[in-house]
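*Asks:* have a look at this prediction, sequence included:
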Amino acid sequence: MTYDSSFKTQIDGRSATADDLSPLAFSGFAHFTAMQVRDGGVKGLDLHLTRLRLQSIEFFGRALPDEQVRHYLRTAIDNGPVAMSLTVTMFSRNGEFTPSGTEDDPAVFVRTGPASSGPSGPLRLAAVEHQRPLPVIKHVGEATKTHYLRQAVKDGYDDAAFINARGHLSEATIWNLAFWDGEAIIWPKAAVLPGVTMGIVRRQLAGLNVPQRVEVISIDGLGSLGGAAVMNSWTPGIGVKSIASVPLPLSPTFMEILHSAYAREPAEKV
(Lines give C-alpha, C1' and ligand atoms only; values in the text may rest on other atoms or scores of the structure.)
Protein backbone atom coordinates (compact mmCIF):
# COMPACT_ATOMS: atom_id res chain seq x y z
CA MET A 1 0.00 0.00 0.00
CA THR A 2 1.52 3.35 -1.04
CA TYR A 3 1.45 6.48 1.10
CA ASP A 4 -0.73 9.32 -0.17
CA SER A 5 1.18 12.54 0.61
CA SER A 6 -1.98 14.62 0.13
CA PHE A 7 -3.02 13.66 3.67
CA LYS A 8 -1.63 15.92 6.38
CA THR A 9 -2.13 15.57 10.12
CA GLN A 10 -1.85 18.46 12.55
CA ILE A 11 -2.58 18.89 16.23
CA ASP A 12 -3.02 22.39 17.65
CA GLY A 13 -1.80 23.87 14.39
CA ARG A 14 1.43 21.90 14.12
CA SER A 15 2.44 18.70 12.38
CA ALA A 16 1.58 15.72 14.54
CA THR A 17 4.36 13.48 15.78
CA ALA A 18 4.17 9.75 16.40
CA ASP A 19 3.92 10.43 20.14
CA ASP A 20 0.99 12.79 19.50
CA LEU A 21 -0.85 10.19 17.46
CA SER A 22 -0.20 7.14 19.63
CA PRO A 23 -3.08 7.80 22.11
CA LEU A 24 -5.43 8.38 19.15
CA ALA A 25 -4.60 5.16 17.34
CA PHE A 26 -7.50 3.38 19.03
CA SER A 27 -10.00 5.09 16.73
CA GLY A 28 -11.19 3.55 13.50
CA PHE A 29 -12.75 0.14 12.93
CA ALA A 30 -10.92 -1.96 15.49
CA HIS A 31 -11.03 -4.20 18.51
CA PHE A 32 -8.40 -4.75 21.18
CA THR A 33 -7.26 -6.48 24.33
CA ALA A 34 -5.29 -5.04 27.25
CA MET A 35 -2.94 -6.90 29.57
CA GLN A 36 -0.31 -6.55 32.25
CA VAL A 37 3.12 -8.01 31.51
CA ARG A 38 5.50 -9.05 34.27
CA ASP A 39 8.93 -10.54 33.46
CA GLY A 40 7.75 -11.46 29.98
CA GLY A 41 4.72 -13.35 31.24
CA VAL A 42 0.97 -12.70 30.94
CA LYS A 43 -1.83 -14.26 32.96
CA GLY A 44 -4.66 -15.56 30.81
CA LEU A 45 -2.65 -15.31 27.60
CA ASP A 46 -4.83 -18.01 26.05
CA LEU A 47 -7.92 -15.90 26.78
CA HIS A 48 -6.36 -12.82 25.22
CA LEU A 49 -5.40 -14.72 22.06
CA THR A 50 -8.83 -16.32 21.82
CA ARG A 51 -10.49 -12.92 22.17
CA LEU A 52 -8.34 -11.44 19.41
CA ARG A 53 -8.92 -14.40 17.12
CA LEU A 54 -12.69 -14.66 17.50
CA GLN A 55 -13.31 -10.93 17.39
CA SER A 56 -11.12 -10.55 14.30
CA ILE A 57 -13.25 -13.17 12.57
CA GLU A 58 -16.36 -11.23 13.62
CA PHE A 59 -15.00 -7.87 12.40
CA PHE A 60 -12.80 -8.80 9.45
CA GLY A 61 -13.84 -12.30 8.43
CA ARG A 62 -10.37 -13.64 9.16
CA ALA A 63 -7.84 -13.77 11.97
CA LEU A 64 -4.08 -13.81 12.22
CA PRO A 65 -2.43 -16.99 13.52
CA ASP A 66 -1.86 -16.91 17.27
CA GLU A 67 1.89 -17.39 16.81
CA GLN A 68 2.09 -14.31 14.58
CA VAL A 69 0.31 -12.26 17.24
CA ARG A 70 2.66 -13.65 19.90
CA HIS A 71 5.61 -12.60 17.74
CA TYR A 72 4.36 -9.00 17.74
CA LEU A 73 3.89 -9.19 21.51
CA ARG A 74 7.39 -10.57 22.05
CA THR A 75 8.87 -7.81 19.92
CA ALA A 76 7.22 -5.17 22.09
CA ILE A 77 8.03 -6.95 25.36
CA ASP A 78 11.69 -7.54 24.47
CA ASN A 79 12.16 -3.82 23.89
CA GLY A 80 10.52 -2.74 27.13
CA PRO A 81 10.85 -2.93 30.93
CA VAL A 82 10.15 -6.07 32.95
CA ALA A 83 6.78 -4.67 34.07
CA MET A 84 4.44 -2.93 31.64
CA SER A 85 0.89 -2.45 30.44
CA LEU A 86 0.34 -3.64 26.87
CA THR A 87 -2.56 -3.15 24.49
CA VAL A 88 -3.01 -5.01 21.21
CA THR A 89 -5.38 -3.40 18.72
CA MET A 90 -6.53 -5.15 15.55
CA PHE A 91 -7.69 -2.60 13.00
CA SER A 92 -8.78 -2.20 9.41
CA ARG A 93 -6.28 -0.49 7.15
CA ASN A 94 -9.17 1.20 5.36
CA GLY A 95 -10.36 2.77 8.59
CA GLU A 96 -13.97 3.34 9.55
CA PHE A 97 -16.93 4.51 7.44
CA THR A 98 -15.70 2.40 4.51
CA PRO A 99 -17.70 -0.41 2.88
CA SER A 100 -14.90 -2.98 3.03
CA GLY A 101 -11.47 -3.60 4.43
CA THR A 102 -8.29 -4.73 2.72
CA GLU A 103 -7.44 -8.31 1.87
CA ASP A 104 -4.68 -8.38 4.50
CA ASP A 105 -6.77 -6.99 7.39
CA PRO A 106 -6.39 -6.90 10.29
CA ALA A 107 -3.31 -4.81 10.91
CA VAL A 108 -1.85 -4.98 14.40
CA PHE A 109 -1.08 -2.01 16.63
CA VAL A 110 0.80 -2.73 19.86
CA ARG A 111 1.15 -0.04 22.49
CA THR A 112 3.07 -0.34 25.76
CA GLY A 113 3.02 1.86 28.82
CA PRO A 114 3.75 1.91 32.54
CA ALA A 115 2.57 -1.06 34.60
CA SER A 116 -0.61 -0.45 36.56
CA SER A 117 -2.51 -2.04 39.43
CA GLY A 118 -5.52 0.29 39.27
CA PRO A 119 -6.91 2.69 41.87
CA SER A 120 -6.76 1.77 45.54
CA GLY A 121 -10.49 2.10 46.15
CA PRO A 122 -13.00 1.55 47.57
CA LEU A 123 -15.04 3.15 44.81
CA ARG A 124 -18.37 4.94 44.69
CA LEU A 125 -20.18 4.19 41.43
CA ALA A 126 -22.89 6.23 39.81
CA ALA A 127 -25.63 4.21 38.10
CA VAL A 128 -26.34 5.08 34.46
CA GLU A 129 -28.85 3.53 32.08
CA HIS A 130 -26.66 2.46 29.19
CA GLN A 131 -25.99 -0.59 27.03
CA ARG A 132 -22.73 -0.82 25.13
CA PRO A 133 -23.15 -1.61 21.41
CA LEU A 134 -21.80 -5.04 20.50
CA PRO A 135 -21.27 -5.68 24.22
CA VAL A 136 -19.35 -8.96 23.91
CA ILE A 137 -16.66 -7.30 21.74
CA LYS A 138 -13.92 -5.12 23.20
CA HIS A 139 -14.05 -2.51 20.45
CA VAL A 140 -12.74 1.04 20.21
CA GLY A 141 -14.36 4.43 19.91
CA GLU A 142 -16.82 4.18 22.80
CA ALA A 143 -17.05 7.84 23.71
CA THR A 144 -20.01 7.18 26.02
CA LYS A 145 -17.82 5.31 28.50
CA THR A 146 -15.50 8.28 28.93
CA HIS A 147 -18.48 10.64 29.01
CA TYR A 148 -20.20 8.70 31.81
CA LEU A 149 -16.94 8.34 33.74
CA ARG A 150 -16.30 12.08 33.63
CA GLN A 151 -19.90 12.89 34.44
CA ALA A 152 -19.75 10.54 37.43
CA VAL A 153 -16.60 12.21 38.74
CA LYS A 154 -18.21 15.62 38.24
CA ASP A 155 -21.15 14.42 40.33
CA GLY A 156 -18.90 13.27 43.17
CA TYR A 157 -18.49 9.59 42.28
CA ASP A 158 -15.36 7.67 41.27
CA ASP A 159 -16.80 5.91 38.21
CA ALA A 160 -20.05 4.66 36.72
CA ALA A 161 -21.89 1.33 36.52
CA PHE A 162 -24.35 0.56 33.74
CA ILE A 163 -27.98 -0.50 34.04
CA ASN A 164 -29.64 -2.03 30.99
CA ALA A 165 -33.15 -1.32 29.70
CA ARG A 166 -34.58 -3.99 32.01
CA GLY A 167 -33.12 -2.28 35.07
CA HIS A 168 -30.38 -4.86 35.58
CA LEU A 169 -26.78 -4.02 36.45
CA SER A 170 -24.39 -5.24 33.78
CA GLU A 171 -20.86 -3.83 33.90
CA ALA A 172 -19.01 -0.58 34.58
CA THR A 173 -17.19 1.79 32.21
CA ILE A 174 -13.99 -0.26 31.86
CA TRP A 175 -14.73 -2.90 34.47
CA ASN A 176 -16.60 -6.13 35.02
CA LEU A 177 -18.77 -6.25 38.14
CA ALA A 178 -18.80 -9.04 40.72
CA PHE A 179 -20.95 -9.40 43.83
CA TRP A 180 -20.78 -11.40 47.07
CA ASP A 181 -23.59 -12.85 49.18
CA GLY A 182 -21.38 -14.10 51.98
CA GLU A 183 -20.92 -17.56 50.45
CA ALA A 184 -20.84 -17.28 46.66
CA ILE A 185 -19.53 -14.97 43.94
CA ILE A 186 -22.38 -13.60 41.82
CA TRP A 187 -21.86 -12.47 38.24
CA PRO A 188 -24.50 -10.17 36.70
CA LYS A 189 -26.87 -11.82 34.25
CA ALA A 190 -26.75 -9.30 31.41
CA ALA A 191 -25.02 -8.63 28.11
CA VAL A 192 -21.45 -7.80 29.13
CA LEU A 193 -17.92 -8.01 27.82
CA PRO A 194 -16.45 -11.31 29.08
CA GLY A 195 -13.30 -9.83 30.59
CA VAL A 196 -10.06 -11.79 30.64
CA THR A 197 -9.53 -11.16 34.35
CA MET A 198 -13.11 -12.27 35.00
CA GLY A 199 -12.39 -15.42 32.98
CA ILE A 200 -9.26 -16.11 35.01
CA VAL A 201 -11.09 -15.66 38.31
CA ARG A 202 -14.03 -17.81 37.24
CA ARG A 203 -11.89 -20.76 36.18
CA GLN A 204 -9.75 -20.58 39.32
CA LEU A 205 -12.63 -20.35 41.82
CA ALA A 206 -13.31 -24.08 41.40
CA GLY A 207 -9.86 -24.88 42.81
CA LEU A 208 -10.68 -22.79 45.85
CA ASN A 209 -14.05 -24.54 46.31
CA VAL A 210 -15.83 -21.18 46.14
CA PRO A 211 -19.35 -21.37 44.67
CA GLN A 212 -20.32 -18.94 41.94
CA ARG A 213 -23.46 -18.26 39.96
CA VAL A 214 -24.95 -15.88 37.42
CA GLU A 215 -28.12 -14.01 38.29
CA VAL A 216 -29.98 -10.77 37.73
CA ILE A 217 -28.75 -7.93 39.94
CA SER A 218 -30.83 -4.78 40.33
CA ILE A 219 -30.32 -1.62 42.35
CA ASP A 220 -33.22 -2.63 44.59
CA GLY A 221 -31.54 -5.91 45.43
CA LEU A 222 -28.14 -4.51 46.39
CA GLY A 223 -29.10 -4.05 50.02
CA SER A 224 -29.19 -7.81 50.60
CA LEU A 225 -25.67 -8.41 49.29
CA GLY A 226 -22.45 -8.67 51.26
CA GLY A 227 -20.16 -6.83 48.89
CA ALA A 228 -19.35 -5.69 45.36
CA ALA A 229 -16.17 -5.30 43.33
CA VAL A 230 -14.87 -4.20 39.97
CA MET A 231 -12.12 -5.94 38.01
CA ASN A 232 -10.23 -5.51 34.76
CA SER A 233 -6.73 -6.03 33.36
CA TRP A 234 -5.32 -3.87 36.15
CA THR A 235 -6.66 -5.84 39.09
CA PRO A 236 -8.84 -8.82 40.04
CA GLY A 237 -10.76 -6.84 42.59
CA ILE A 238 -11.33 -3.35 43.96
CA GLY A 239 -14.04 -2.92 46.56
CA VAL A 240 -17.17 -0.88 45.81
CA LYS A 241 -18.67 0.95 48.77
CA SER A 242 -21.79 2.20 47.01
CA ILE A 243 -23.70 2.09 43.74
CA ALA A 244 -25.97 5.08 43.17
CA SER A 245 -27.31 5.88 46.64
CA VAL A 246 -27.11 2.31 47.95
CA PRO A 247 -24.24 1.64 50.42
CA LEU A 248 -22.47 -1.71 50.19
CA PRO A 249 -20.42 -3.47 52.87
CA LEU A 250 -16.70 -3.85 52.26
CA SER A 251 -15.81 -7.51 52.70
CA PRO A 252 -12.13 -8.39 53.23
CA THR A 253 -13.08 -12.05 52.68
CA PHE A 254 -14.55 -11.24 49.27
CA MET A 255 -11.45 -9.30 48.23
CA GLU A 256 -9.16 -12.08 49.47
CA ILE A 257 -11.08 -14.68 47.45
CA LEU A 258 -10.88 -12.65 44.23
CA HIS A 259 -7.18 -11.93 44.62
CA SER A 260 -6.38 -15.50 45.68
CA ALA A 261 -8.18 -16.89 42.65
CA TYR A 262 -6.23 -14.58 40.35
CA ALA A 263 -2.93 -15.44 42.07
CA ARG A 264 -3.51 -19.14 41.31
CA GLU A 265 -3.33 -18.42 37.58
CA PRO A 266 0.21 -18.95 36.26
CA ALA A 267 1.71 -16.35 33.98
CA GLU A 268 2.57 -17.72 30.54
CA LYS A 269 5.70 -16.57 28.76
CA VAL A 270 4.78 -14.85 25.52
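*Replies:* Perfect, thanks for sending it.

*Asks:* what's the following helix or strand after the worst-scoring helix or strand of the chain on mean pLDDT?
*Replies:* Here the helix or strand of the chain ranked lowest by mean pLDDT, DSSP states H and E is strand 10-11, holding a mean of 69. Where DSSP states H and E defines the elements, the next helix or strand beyond strand 10-11 is strand 14-15.

*Asks:* now that next one: average pLDDT?
*Replies:* Strand 14-15 shows a mean pLDDT of 84.

*Asks:* same check on stretch 139-151?
*Replies:* On average, stretch 139-151 scores 95.

*Asks:* residues of it that come out buried?
*Replies:* For stretch 139-151, burial by neighbour count (16 or more other C-beta atoms under 10 Å) applies to 139-140, 142, 144-145, 148-149. For the C-beta atoms, the positions are set from N, CA and C on the backbone; glycine is no exception.

*Asks:* now swap in stretch 185-200 and tell me
*Replies:* 185-188, 190, 192-193, 195-200.

*Asks:* take those residues and keep only those in strands.
*Replies:* Of the buried residues of stretch 185-200, the ones assigned to strands by DSSP state E are 185-188.

*Asks:* closest to Q212 out of those residues?
*Replies:* Lowest distance from Q212 to those (C-beta to C-beta) belongs to I185, with 4.2 Å.

*Asks:* just give the closest residue to the closest one, not the sequence neighbours.
*Replies:* Q212 (4.2 Å; C-beta to C-beta, 6 or more residues apart in numbering).

*Asks:* and the pLDDT at that neighbour?
*Replies:* What the model reports as pLDDT for Q212 is 98.

*Asks:* tell me which stretches of the stretch 1-150 of the chain form helices.
*Replies:* Counting by DSSP state H, counting those that start in this stretch, the segments of the stretch 1-150 of the chain that form helices are 18-21, 45-60, 66-78, 143-154.

*Asks:* how about these in CSV, adding distance to A267?
*Replies:* Shown next, in CSV, are the helices of the stretch 1-150 of the chain (distance: least, C-beta to C-beta, whole Å):
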stretch, distance to A267
helix 18-21, 30
helix 45-60, 8
helix 66-78, 12
helix 143-154, 28
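
*Asks:* pick the most buried one from the ones you listed.
*Replies:* Burial of the helices of the stretch 1-150 of the chain is given as mean neighbour count (mean count of other C-beta atoms under 10 Å); helix 45-60 ranks first at a mean of 19.

*Asks:* what helices and strands are in contact with that one?
*Replies:* In terms of contacts (3 or more C-beta pairs under 8 Å, 6 or more residues apart in numbering; DSSP states H and E), helix 45-60 is packed against strand 30-38, helix 66-78, strand 83-91, helix 196-205, strand 267-269.

*Asks:* so what touches that helix?
*Replies:* For helix 45-60, the surrounding residues in contact (C-beta atoms under 8 Å, 6 or more residues apart in numbering) are 29-31, 33, 35, 42, 62-64, 66, 69-70, 88, 90, 92, 101, 105-106, 137-139, 196, 199-200, 267-268, 270.

*Asks:* next one: the residue nearest to G101 when sequence neighbours are not counted from K269, what distance?
*Replies:* Spatial nearest neighbour of G101, chain neighbours left out: S92 (4.2 Å); criterion: C-beta to C-beta, 6+ apart. Computed as C-beta to C-beta, to the nearest Å, the S92 to K269 distance reads 30 Å.

*Asks:* which of these two has more residues huddled nearby?
*Replies:* S92 (18 against 12; other C-beta atoms under 10 Å).

*Asks:* what pLDDT does the model give the more buried one?
*Replies:* We have a pLDDT of 91 for S92.

*Asks:* spit out the contact partners of it.
*Replies:* 28-30, 59-60, 98, 101-102, 105-107 are the contacts of S92 under C-beta under 8 Å, 6+ apart.
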